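**Q** Mind looking at a prediction? Sequence and model below.
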Amino acid sequence: MNSSWFQRFAEIPGIEYQGSPDVDRQQLPGHDHVPTIERRVVNGERADTLWWPSENGQTSISPARAYAVGDLRQVPVHEILRNVYEILELPGTASDYHFVIQGCIEELWRRRRDNADIFPEMEKLAWLDVRLVESCPEAFTFEGPEGPQVYAILAFSILIDLYEREGFLHEALAIADRAVRLLQCEEDRQRLQGRLATLEAEDAG
């Protein structure tokens, strides 16, 4: 297990995230927590555990993960967004931030037909998750039957769908190309390449 952690999302190299001006991280519980690392070797493999301060001593749950709302289905959109941006100011791991962002964009996507104005926020969060996964690929890679594999990242599919629906096929293909480097969305790339080739042939004809 990778023991890398970050004081806040903005500290992850390559993220280019400035934080939300509406969030005062000094007021958030656990904003200054620092974990201790228990280092072990299991079956010849390193297996570290992060232990965070808690009221009862220590916990394996980071402040970022602990602050997340469990069930978003009945939560108003503005509260979902406030929660995710507050979480990004708390200490945690790359996977902690990813699952919070992915849960948020998945819920926003579910509500998209009734809330057309959420698309800009959904796009913004999806891009944050893409940059996160590209910056910390080891946190999302596991050993499969045929070698290294990467967990499915919803943000790639969301962005491809958003841009393709709006007719931005080159932008959608660029996202698919980035996803393929992380071993996913190959079918999307082939479909988009085919659509663009057809359009170019029609223009040429």
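**A** That came through fine. Since we're looking at a predicted model, the values are computed, not measured. Residues are numbered from 1 along each chain as shown.
**Q** biggest helix in the chain by residues?
**A** Secondary structure of the chain per DSSP state H: the longest helix is helix 186-204.
**Q** Packing partners of that one?
**A** Packing partners of helix 186-204 (3 or more Cβ pairs under 8 Å, 6 or more residues apart in numbering; DSSP states H and E): helix 154-165, helix 169-180. To be clear about C-beta, it is placed using only N, CA and C from the backbone, and glycine gets the same treatment.
**Q** can you list contacts of that helix?
**A** Contact partners of helix 186-204, identified using Cβ atoms under 8 Å, 6 or more residues apart in numbering, comprise 157, 160, 164, 169, 170, 172, 173, 176, 177, 179, 180.
**Q** What would the strand ranked longest in the chain look like as CSV? C-alpha coordinates only.
**A** Taking DSSP state E as the criterion, the chain has its longest strand at strand 49-54. Extracted in CSV, the C-alpha atoms of strand 49-54 (Å, rounded to 0.1, in the frame of the first residue of the first chain):
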residue,chain,number,x,y,z
THR,A,49,-0.7,2.0,7.0
LEU,A,50,-1.4,5.6,7.8
TRP,A,51,-2.7,6.3,11.3
TRP,A,52,-4.4,9.6,11.9
PRO,A,53,-5.1,11.4,15.2
SER,A,54,-8.7,10.9,16.5
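**Q** Report the rounded mean pLDDT for the following helix or strand past it.
**A** Once the chain leaves strand 49-54, the next helix or strand it forms, by DSSP states H and E, is strand 57-59. With pLDDT averaged residue by residue, strand 57-59 scores 94.
**Q** partners of strand 57-59, with directions?
**A** strand 49-54 (antiparallel) (DSSP bridges).
**Q** Quick one: distance of the strand it pairs with to the chain centre.
**A** Distance of strand 49-54 from the chain centroid (Cα atoms, centre = their mean, to the nearest Å) equals 22 Å.
**Q** cool, and stretch 183-191?
**A** That offset, for stretch 183-191, works out to 19 Å (Cα atoms, centre = their mean).
**Q** cool, and stretch 141-157?
**A** The chain centre lies 14 Å from the centre of stretch 141-157; the measure is Cα atoms, centre = their mean.
**Q** Only C-alpha atoms, please: export it in CSV.
**A** Provided in CSV are the C-alpha atoms of stretch 141-157 (Å, rounded to 0.1, in the frame of the first residue of the first chain):
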residue,chain,number,x,y,z
THR,A,141,-3.0,0.8,-10.5
PHE,A,142,-3.4,-2.8,-9.4
GLU,A,143,-2.0,-6.1,-10.6
GLY,A,144,-4.5,-8.0,-12.8
PRO,A,145,-4.4,-11.4,-14.3
GLU,A,146,-2.7,-10.0,-17.4
GLY,A,147,-0.5,-7.4,-15.7
PRO,A,148,-0.9,-3.9,-14.4
GLN,A,149,-4.4,-2.4,-14.7
VAL,A,150,-6.0,0.9,-13.8
TYR,A,151,-9.3,1.3,-12.0
ALA,A,152,-12.1,2.7,-14.2
ILE,A,153,-12.1,6.5,-13.9
LEU,A,154,-15.6,8.0,-14.5
ALA,A,155,-14.2,11.5,-15.1
PHE,A,156,-12.8,10.4,-18.5
SER,A,157,-16.2,9.1,-19.7
